[in-house]
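K.L.:
Show me how the following folds:
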Amino acid sequence: MTPIKITSLIFIVFALTLLCRWRVGGMFYYPDRTVHDTPDRHGLKYEEVSFQSKDGTRLSGWFIPAVGKAKGTVIHFHGNAQNMTAHFGFVSWLPSRGFNLFVFDYRGYGKSAGSAGRRGVYQDSLAALEYVSTRPDIDQKRLLVLGQSLGGANAIAALAARPPGGIRGVAIDSAFASYRGMVRDKIAEMPLLSFFKGPLSRLLIGDDYSADAVIASIAPTPLLIIHGTKDSVVPYSHGQRLFELARQPKQFWTLEGADHTEAFADSTSEYCTRLVAFFDAALVGSVTAGNKPAETDAVSGRNY
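P.N.:
Numbers count the residues shown, from 1 in each chain. Just a heads-up that it's a prediction; the model follows:
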């Protein structure tokens, strides 16, 4: 290969790297400010709340009280697209099952100030846990967490950075194990760059606040990992890795044939009932050591 061709190849690789780095910067966050749904459309009372992140960024959320006597309070960490109002359907059924519900938006999402970024979103997740744990109108020793997709990764990182306090159970749905791992998987889909997926992913993004590095520290709080085998956004292998690195007590639900975050897309799903059973068991300290991720659940002959 001539010096000119070598120089051209280096330039092309450099240009592609810059392009990838630019794309990577935004691949984890797709916020909007649109109101897609509200609790009152589901016949639920709610309180619109505002609280501050560590750096003073003003964040927005909803507190929805349980219908009837509350068994506990679920803190929901939503995924990377739109805002909490678009994700409310995944959890709108929880108050009718006896749980207070707190949902919130990271910075740059919905009515929350600022713009999304990895460190800021991590701080916002910590702030949400702190806010709920100081509300005087709930039992602060009966807190539960449900994190989906990006929200699952955020929840794990935040939970690992603070004392468990009143957190009694954690459910993580369709979360990625690490930021760098997600970038590596996306590069692997690019024919020209797939051979360099390892070094390129290390060049393009750091692994700060990644779930796989800290998930073991969630124990002894009971942990549930949920993942679909046909997840087209976050590969099933990420759920397997999180489960393998976590310590007992832990459980893994494999959703055979399911795509991304489909477990709770239908409020009549048997997985909603099973999640309630997991939370109920966590509240009384009866969650047992779970199964291996290789075991699968077939859901009534249909996919979720």
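
K.L.:
Can you get me a residue count around S217?
P.N.:
14 (other CB atoms under 10 Å). C-beta: built from backbone N, CA, C; applies to glycine.

K.L.:
let me fix that: A127
P.N.:
A127, neighbours per other CB under 10 Å, totals 22.

K.L.:
all strands for the stretch 1-150 of the chain, in order.
P.N.:
Under the criterion DSSP state E, counting those that start in this stretch, the stretch 1-150 of the chain contains strands at 30-31, 47-52, 58-64, 72-77, 81-82, 99-104, 143-148.

K.L.:
Reformat the ones you listed as CSV; add mean neighbour count, distance to H227 and mean pLDDT.
P.N.:
As requested, the strands of the stretch 1-150 of the chain are arranged in CSV below (neighbours: other CB atoms under 10 Å; distance: least, CB to CB, whole Å; pLDDT from 0 to 100):
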stretch, mean neighbour count, distance to H227, mean pLDDT
strand 30-31, 16, 21, 96
strand 47-52, 14, 31, 98
strand 58-64, 21, 26, 99
strand 72-77, 26, 16, 99
strand 81-82, 16, 18, 96
strand 99-104, 26, 22, 99
strand 143-148, 27, 11, 99
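
K.L.:
could you dump those strands to TSV with distance to E262?
P.N.:
Below are those laid out as TSV (distance: least, CB to CB, whole Å):
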stretch	distance to E262
strand 30-31	19
strand 47-52	29
strand 58-64	23
strand 72-77	17
strand 81-82	15
strand 99-104	19
strand 143-148	11
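
K.L.:
quick one: the helices in the stretch 101-250 of the chain?
P.N.:
Along the stretch 101-250 of the chain, the stretches classed as helices by DSSP state H, counting those that start in this stretch are 118-133, 150-160, 179-188, 197-204, 236-245.

K.L.:
between the strands of the stretch 1-150 of the chain, which one is nearest to S115?
P.N.:
Smallest distance to S115 across the strands of the stretch 1-150 of the chain (CB to CB): 8.3 Å, for strand 30-31.

K.L.:
coming back round to it: any idea which of the helices of the stretch 101-250 of the chain scores lowest on pLDDT?
P.N.:
Among the helices of the stretch 101-250 of the chain, helix 197-204 carries the lowest mean pLDDT, at a mean of 53.

K.L.:
follow-up on the earlier one: would you mind finding the most buried of the helices of the stretch 101-250 of the chain?
P.N.:
Ranked by mean neighbour count, the helices of the stretch 101-250 of the chain are led by helix 150-160 with a mean of 27 (mean count of other CB atoms under 10 Å).

K.L.:
The helices of the stretch 101-250 of the chain: which one's closest to H36?
P.N.:
That would be helix 150-160 among these, by CB to CB, at 16.1 Å.

K.L.:
chain center to that closest one, what's the gap?
P.N.:
6 Å (CA atoms, centre = their mean, to the nearest Å).

K.L.:
before we move on, what about stretch 146-164?
P.N.:
Between the centre of stretch 146-164 and the centre of its chain there are 7 Å (CA atoms, centre = their mean).

K.L.:
and G72, what are its bridge partners?
P.N.:
F99 (DSSP bridges).

K.L.:
A282 and T221: what is the separation?
P.N.:
According to CB to CB, to the nearest Å, A282 and T221 sit 8 Å apart.

K.L.:
Which one's more surrounded, those two?
P.N.:
Shown here are A282 and T221; by other CB under 10 Å, A282 has more neighbours (23 against 20).

K.L.:
Perfect, that will be all.
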